[in-house]
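Colleague: sequence? don't have it. structure:
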């Protein structure tokens, strides 16, 4: 059972970092709470080691700060050739510390990985790409990109979200510190993690495995929503893209260029899989995997020159003239 002192310390740390969107000391899901507990244990043990070592060093510096003078200064100090008790202490104590940390970490690993999956858990397939995230909801028939929407979980009736992860190219790592630990996405291998957010909100994360030139701009946005809000979002995502009729000319330009080779827009001839699904692009808060806000101006700039926001991105320049660029921008901006 945690002592009141440590509980108070944990409360202070959580309060101090509550405003940080990517801090492990402000957990909001069961796996993150487990990691937080191990982190506090490690912090407590290492703090104790530091205080002991620093205290002994300070004692020696103060106790023996004066140098001997005269004949005593030439004498060799007493030689100690060994102490069984001291040698046992600095051997056994570190071993015990390592064993405690190992067991605590193993407990968290097994408690999270071996947790029973409820029948009504939400399943999401997460596919890492250079340099964006693809999210597929197999039970709901939804495909989206870069912004993951999941429901909050009621502790009385847990409804966690299980993420089945893989990679389309190289190694990636999915990390949302306030919800769960890191999980690698590796080609030809399936990894699974789960999270059960306690409160609605936006939780930010990052690809934590170097995957190429735009690794730092492969951002993660997780929207934890109430069950009602999530159901409304899912219903909207299952609908065909509703473009502004005035943007029909932009759709024609989009469908007659290479855009359809890489992107999908449900209900159109665009069925590409190399780039993000754009069916409901206008309903997202950001573009370019969270790099910039989703505005018409930013969409136009990104279509015209993707390297402007993400140097090294794999999307090529489309080389559209200004007229066609304006039409495509209007069409994409209308995909609600």
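Modeller: All right, it came through fine. Values in this document were obtained by computation on a predicted structure and should not be read as measured data.

Colleague: Quick check: residue 294 touching residue 282?
Modeller: Yes. Assessed by C-beta atoms under 8 Å, residue 294 is found in contact with residue 282 at 7.2 Å. C-beta coordinates here come from the backbone N, C-alpha and C atoms, glycine included.

Colleague: what about residue 285, distance to residue 149?
Modeller: 11 Å (C-beta to C-beta, to the nearest Å).

Colleague: in this structure, which spans are helices?
Modeller: Taking DSSP state H as the criterion, the chain carries its helices at 4-17, 30-63, 84-113, 227-238, 248-255, 259-262, 296-304, 322-333.

Colleague: of residue 285 and residue 149, who's got more company?
Modeller: residue 149 (21 against 12; other C-beta atoms under 10 Å).

Colleague: for the stretch 1-150 of the chain, which spans come out with low pLDDT?
Modeller: Low-confidence segments of the stretch 1-150 of the chain, defined by pLDDT under 70: 1-20, 68-74.

Colleague: how near is residue 235 to residue 159?
Modeller: From residue 235 to residue 159 the distance is 18 Å (C-beta to C-beta).

Colleague: neighbour-wise, which of those two wins?
Modeller: Neighbour count, other C-beta under 10 Å: between residue 235 and residue 159, residue 159 has more, with 17 against 11.

Colleague: and the more buried one, what does it touch?
Modeller: 118, 120-122, 151, 153, 196, 227 (C-beta atoms under 8 Å, 6 or more residues apart in numbering).

Colleague: now residue 171
Modeller: 184-187, 209, 211.

Colleague: Quick check: of these, which lies closest to residue 61?
Modeller: Among the contacts of residue 171, residue 209 lies closest to residue 61 (C-beta to C-beta), at 44.0 Å.

Colleague: residues contacting that closest one?
Modeller: 171-173, 184-185, 215 are the contacts of residue 209 under C-beta under 8 Å, 6+ apart.

Colleague: out of the residues you listed, who has the most neighbours?
Modeller: Ranking these using other C-beta under 10 Å puts residue 172 first, with 30 neighbours.

Colleague: Just give the nearest non-adjacent residue to that residue, would you?
Modeller: Excluding the flanking residues, the one nearest residue 172 by C-beta to C-beta, 6 or more residues apart in numbering is residue 128, at 3.4 Å.

Colleague: same deal with residue 275?
Modeller: Once flanking residues are discounted, residue 275 sits nearest to residue 262: 3.9 Å by C-beta to C-beta, 6+ apart.

Colleague: Quick check: nearest residue in space to residue 33, chain neighbours excluded?
Modeller: residue 27 is the one closest to residue 33 (C-beta to C-beta, 6+ apart), at 4.6 Å.

Colleague: Tell me how many other residues crowd residue 128.
Modeller: By other C-beta under 10 Å, the residues close to residue 128 number 26.

Colleague: dump the residue contacts of the residue nearest to residue 172.
Modeller: Neighbours of residue 128 in contact, by C-beta under 8 Å, 6+ apart: 134, 165-169, 172, 174, 185, 207, 211, 218.

Colleague: which of those residues count as buried?
Modeller: 134, 165-167, 172, 174, 185, 207, 211, 218 (16 or more other C-beta atoms under 10 Å).

Colleague: In strands only, show me those residues.
Modeller: Among these, the ones falling in strands (DSSP state E) are 134, 165-167, 172, 174, 185, 207.

Colleague: and of the residues you listed, the nearest to residue 251?
Modeller: For these, the nearest to residue 251 is residue 134 (22.9 Å; C-beta to C-beta).

Colleague: ok, the residue lying closest to that closest one once chain neighbours are set aside to residue 183 distance?
Modeller: Nearest non-adjacent residue to residue 134, counting by C-beta to C-beta, 6+ apart: residue 127, 4.1 Å away. Residue 127 is 13 Å from residue 183, where distance means C-beta to C-beta.

Colleague: hey, what's in contact with both of the two?
Modeller: Contacts common to residue 127 and residue 183, judged by C-beta under 8 Å, 6+ apart, are residue 165.

Colleague: nearest to residue 268, of the helices of the chain?
Modeller: Going by C-beta to C-beta, the one of the helices of the chain nearest residue 268 is helix 248-255, 6.3 Å.

Colleague: buried ones in that closest one?
Modeller: 250-251, 253-254.
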